[in-house]
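A.B. asks: Here is a sequence together with a model predicted from it:
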Amino acid sequence: MIESSAPVGILTFHRCINYGSYWQARCLVEGVRAMGHDAQLLDHHSDAVVRAEWRCALQPTLPERTHAADLAAYKAKARRFVAAIERLPRSAAFALDEPEALAPLDAVVVGSDEVWNFRHPWYASTPLFFGEGLSAPRLISYAASFGNHDAADGIGDEWVERLRRFTAISVRDANAQALVGGALGDTPPLVLDPVLQFADRVPRGMPDGQRYAMVYGHGFPDWLAQAMRRWATRHDVRLHSIGYRNDWADTQEIDAGPEAFAERVAGASALVTNFFHGCVFALVHGTPFVTAPSSYRFNKVRDLAAALDAQPHIVAPETADAGYDTLLTAPHDARIGDRIAVLRAQSTAFLGAALG
């Protein structure tokens, strides 16, 4: 490790009211600190982003489907996120478009999450996440993703020039590998999402005494909801929806904060999700799971499953009930653990070399 009085800045979506965004930010900053660096989240602010974030947090599904009681629960959930975020190590606050106000940094690590997604609903094409305005001797990306910006769409020249300023680049998925490799002529290494990389930072909860399967996400297709109801009936398992209302689940816990989320997932006997980090948390705990990613999250989930030999966990309308019986009760294939171990070593090596 290089001795320096300046901290290492972590630049990511740390204030999103989203379980995955919170935990990837927390795991990365805590993981880098555990490596011996004075890491802190770079606390960028934008009034427009805050308004967009809270609109989405309070009405994550169609407004006409948001019950008054649910709205109160979404508000309570958002308040718990704010409190949890305030406890994380952060820099002094600065405007999203004025990073020059930051104190000197030894290095900046950009990522994880969709920091380079040109289609993100409110962070799209933000120059800061491509290093613009940052003053640090080392500019590093860790597990950066372009989200649903597909490799076929390429990267504009101005963004390519910004990527050239990075001293070390790693990405989270094959879609990002193709985009960066096509732009720079050198394919970057694939590394693990921080929640998988620093899994020891994730709390381990205890079962609540009654078997339950976690439901995480919203906008599930009807065919998947029906398949899960049949599976729950066959196995006498309660379906517990966390963070969002899913009327086909038996119980709802909309107001859970990020710590409660991690504990509930750890205590679940199985998990169904259409979110990327739902899959990640299932992989952390070895929890049997199935996923049918939404179009927005398709690239991320597809590439995660491919990287870890976990493709069978992606279900489709034609998946038979027997397939759910196996996927939601059997241990993970040993190849998944083997691939995680290989990528964890690769990720450790990347961060060690990039940070010194």
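C.D. replies: That came through fine. Numbering: from 1, shown residues only.

A.B. asks: Residue 32 should be in a strand, yeah?
C.D. replies: No. Under DSSP: H, G, I helix; E, B strand; the rest coil, residue 32 sits outside any strand and is assigned helix.

A.B. asks: If you tally nearby residues, what's the number for it?
C.D. replies: When neighbours are defined as other CB atoms under 10 Å, residue 32 has 24 of them. All C-beta spots, glycine's among them, are computed from the backbone N, C-alpha and C.

A.B. asks: pretty sure it contacts residue 352?
C.D. replies: No. The criterion here is CB atoms under 8 Å, and residue 32 misses it with residue 352 at 10.7 Å.

A.B. asks: Restrict the strand or helix carrying residue 108 to CA atoms and write it as CSV.
C.D. replies: Counting by DSSP states H and E, the element that carries residue 108 is strand 107-110. C-alpha atoms of strand 107-110 as CSV (Å, rounded to 0.1, in the frame of the first residue of the first chain):
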residue,chain,number,x,y,z
ALA,A,107,-7.1,8.1,-5.9
VAL,A,108,-10.7,7.9,-7.0
VAL,A,109,-12.5,4.6,-7.6
VAL,A,110,-15.4,5.0,-9.9
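
A.B. asks: Strands along the stretch 201-350 of the chain, start to end?
C.D. replies: 212-216, 238-242, 251-253, 270-273, 289-291 (DSSP state E, counting those that start in this stretch).

A.B. asks: Just checking: what are the partner strands of the fourth one?
C.D. replies: If you go by DSSP bridges, strand 270-273 pairs up with strand 212-216 (parallel), strand 289-291 (parallel).

A.B. asks: Same question for the second one.
C.D. replies: The partner list of strand 238-242 in its sheet, established with DSSP bridges, is strand 212-216 (parallel), strand 251-253 (parallel).

A.B. asks: now those as TSV including distance to residue 131 and mean pLDDT?
C.D. replies: Output for those, formatted as TSV (distance: least, CB to CB, whole Å; pLDDT from 0 to 100):
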stretch	distance to residue 131	mean pLDDT
strand 212-216	33	97
strand 251-253	39	97
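
A.B. asks: Helices of this protein, start to end?
C.D. replies: 19-34, 47-58, 68-86, 157-163, 174-184, 194-197, 222-235, 258-267, 276-285, 298-307, 321-327, 334-355 (DSSP state H).

A.B. asks: show me what contacts residue 78?
C.D. replies: 17, 54, 57, 58 (CB atoms under 8 Å, 6 or more residues apart in numbering).

A.B. asks: Pick out the most distant pair among these.
C.D. replies: 17 and 58 (9.0 Å; CB to CB).

A.B. asks: Can you say which of the strands paired with strand 238-242 is packed in most?
C.D. replies: strand 212-216 (a mean of 26; mean count of other CB atoms under 10 Å).

A.B. asks: nearest spatial neighbour of residue 93, skipping sequence neighbours?
C.D. replies: residue 43 (4.7 Å; CB to CB, 6 or more residues apart in numbering).
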